[in-house]
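Colleague: This is a predicted model, with the sequence first.
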Amino acid sequence: MGFSTRDMELLIRLKKDGYFTGGLSVVEIGAQQLSNTILKAPELVEEAGRIFGVGQPFELAKPVESYLIHGHTEHLSTSAPFARDLWKWLGFDYASIDIDGSPGSIALDLNYDDVPRKAKGKYQLVTNYGTTEHVANQLNAFKVIHELAALGGVMIHNIPAQGMINHGLVNYNPKFFWMLARSNGYKWLYMGLDMAGVGYPIPQNIMDMLAASNPDIPAPLRDSRIADGGLVVAMQKVFDTPYVAPIDVQTGTSTDNPSLKRRYWTVFHPDAFAKPWLAAPMDCGGLKARLARLKDLRSKLARRIAVAFRLSQA
């Protein structure tokens, strides 16, 4: 779906809110191109440069030929510039998850592959600008995103919410991300809903498939219109715990099933994120989390002892 002015505006907002400090790094889930909305918005790009403290201007290419698909979704030409140069200009170390061999890409099959050890917890920003809707294995796709994000890192999703019925494999709703955030203790930063507003007829290939088994398609269906919509979500990873898949149960639900308790420990364990290093099951990364917590406490204690020693010698 490409990197758009909507995405740039959110990036600027999060930067102003105090995110993306220190060494910057980004990984795109799917190497993105710059949409025509960005190529037509030099003032917005200049503002981003100021916000990120960039000295030199960014030379935008001219808008490229495109056409609409799936209703109101813009299909970019293969000649559209990639977003990686813009990310680098803003000061981000850049990578992408893709299997097309594009520069800076990590070749991962989001249906099956694990994150390489050297990439785990590495990126301050993980972006999903219209990629995971093309993936059947949603559990693995969002596990990859979780594991790529650094502690304190931000994950941004700009994905289909309705319409686009010829576009990807799935559409999303806010509840999916509410449950995802609950399972992993993410801090909720932003949600937006973009609606195209103007409807369009059901695509002909869908109507043909319907007619194949139901020749007498009702008139209301023939005359109905589809409106495209997109969901934009930003969350922060604030706990260094193993990924837990979202589960559609009410908060406070309990279970006696030991497998479910272990698998969804953040949902079924009361106050799991109050002391996650104690609550996490041993076979779900709990031991690693506890050791990391002990190491952190030991480091803090060592620093305090060193400060006390220096003060005593003053």
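Modeller: Structure received.

Colleague: Quick check: residue 58 vs residue 196, distance?
Modeller: 29 Å (Cβ to Cβ, to the nearest Å). In this view, the C-beta of every residue, glycine as well, is placed from N, C-alpha and C.

Colleague: which residues of the stretch 151-300 of the chain fall in strands?
Modeller: Using DSSP state E, counting those that start in this stretch, the strands of the stretch 151-300 of the chain run over residues 187-195, 200-201, 225-226, 229-236.

Colleague: Name the stretch from these that approaches residue 120 most closely.
Modeller: Closest approach to residue 120 among the strands of the stretch 151-300 of the chain is made by strand 229-236 (17.3 Å; Cβ to Cβ).

Colleague: which helices and strands sit right next to that closest one?
Modeller: Other elements packing on strand 229-236 under the criterion 3 or more Cβ pairs under 8 Å, 6 or more residues apart in numbering; DSSP states H and E are helix 5-16, strand 149-162, helix 174-184, strand 187-195.

Colleague: So for residue 212, which of the ones you listed sits nearest?
Modeller: Taking the helices and strands packed on strand 229-236 one by one with Cβ to Cβ, strand 149-162 is closest: 24.7 Å.

Colleague: elements contacting the closest one?
Modeller: Here strand 149-162 touches helix 5-16, strand 123-128, strand 229-236, going by 3+ Cβ pairs under 8 Å, 6+ apart.

Colleague: right, so the ones you listed: which one is the most enclosed?
Modeller: Most buried of the helices and strands packed on strand 149-162, by mean neighbour count (mean count of other Cβ atoms under 10 Å): strand 123-128, with a mean of 24.

Colleague: Give me the helices and strands touching that strand, please.
Modeller: With contacts defined as 3+ Cβ pairs under 8 Å, 6+ apart, the packing partners of strand 123-128 are strand 24-29, helix 138-148, strand 149-162.

Colleague: average pLDDT for it?
Modeller: Strand 123-128 shows a mean pLDDT of 98 in the predicted model.

Colleague: Please apply the same query to stretch 61-75.
Modeller: On average, stretch 61-75 scores 65.

Colleague: likewise stretch 131-142?
Modeller: On average, stretch 131-142 scores 97.

Colleague: quick one: contacts of that stretch?
Modeller: Around stretch 131-142, the neighbours that count as contacts under Cβ atoms under 8 Å, 6 or more residues apart in numbering are 29-30, 110-113, 145, 157, 159-160, 167-172, 180, 243, 245.

Colleague: Can you give me the end-to-end span of that stretch?
Modeller: One end of stretch 131-142 to the other measures 11 Å (Cα to Cα, to the nearest Å).

Colleague: List the buried residues in it.
Modeller: Residues 131, 132, 133, 135, 138, 140, 141, 142 are the ones in stretch 131-142 that count as buried (16 or more other Cβ atoms under 10 Å).

Colleague: circling back: Throw the helices and strands packed on strand 123-128 into JSON lines and include distance to residue 54, thanks.
Modeller: Formatted as JSON lines, those follow (distance: least, Cβ to Cβ, whole Å):
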{"stretch": "strand 24-29", "distance to residue 54": "11"}
{"stretch": "helix 138-148", "distance to residue 54": "25"}
{"stretch": "strand 149-162", "distance to residue 54": "19"}
